[in-house]
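**Q** 3D model of this:
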Amino acid sequence: MTIDRIVMAFAGSMILVSVLLAVAFSLYWLFLTAFVGANMLQSSFTGFCPLAIILKKMGVKTGVAFS
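**A** Numbers count the residues shown, from 1 in each chain. As a prediction, this is how the structure comes out:
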């Protein structure tokens, strides 16, 4: 699995988990959803993603987006 796929899977998982937490406990969990969405948006323009940097240092194979 490449960095690109891991980042997308992690972002999608965080969004789903935060929505479930918002429904179950508090709407404040939607701030996590907004943070993940904003990070994905800025990453699409700048190519900077903290998770991609961490995964690259761990030796995960790079993909096309975060090389």
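
**Q** report all helices and strands that the helix ranked longest in the chain contacts.
**A** In the chain, ranked by residue count with DSSP state H as the criterion, the top helix is helix 3-24. In terms of contacts (3 or more CB pairs under 8 Å, 6 or more residues apart in numbering; DSSP states H and E), helix 3-24 is packed against helix 30-46, helix 50-57. In short, each C-beta sits where N, CA and C put it, glycine included.

**Q** would you turn the ones you listed into CSV with mean neighbour count?
**A** Listed next are the helices and strands packed on helix 3-24 as CSV, based on neighbours: other CB atoms under 10 Å:
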stretch, mean neighbour count
helix 30-46, 13
helix 50-57, 14
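
**Q** quote the end-to-end distance of stretch 53-64.
**A** This stretch, stretch 53-64, spans 14 Å end to end (CA to CA, to the nearest Å).

**Q** could you pull up the mean pLDDT of that stretch?
**A** The pLDDT scores in stretch 53-64 average 93.

**Q** ok so, going back, ok, residues contacting the longest helix of the chain?
**A** For helix 3-24, contacts defined as CB atoms under 8 Å, 6 or more residues apart in numbering pick out 28-30, 32-33, 36-37, 39-40, 49, 51-52, 55-56, 60-66.

**Q** starting at the chain centroid, how far to that helix?
**A** Chain-centre distance of helix 3-24: 7 Å, with CA atoms, centre = their mean, to the nearest Å.

**Q** likewise stretch 52-61?
**A** 14 Å.

**Q** contacts for it, please.
**A** Contacts of stretch 52-61 (CB under 8 Å, 6+ apart): Met1, Thr2, Ile3, Ile6, Val7, Ser43, Thr62, Ala65, Phe66.

**Q** out of those residues, which are buried?
**A** When those are checked for burial by 16 or more other CB atoms under 10 Å, the buried set is Thr2, Ile3, Ile6, Val7, Ser43, Ala65, Phe66.

**Q** great, nothing more from me.
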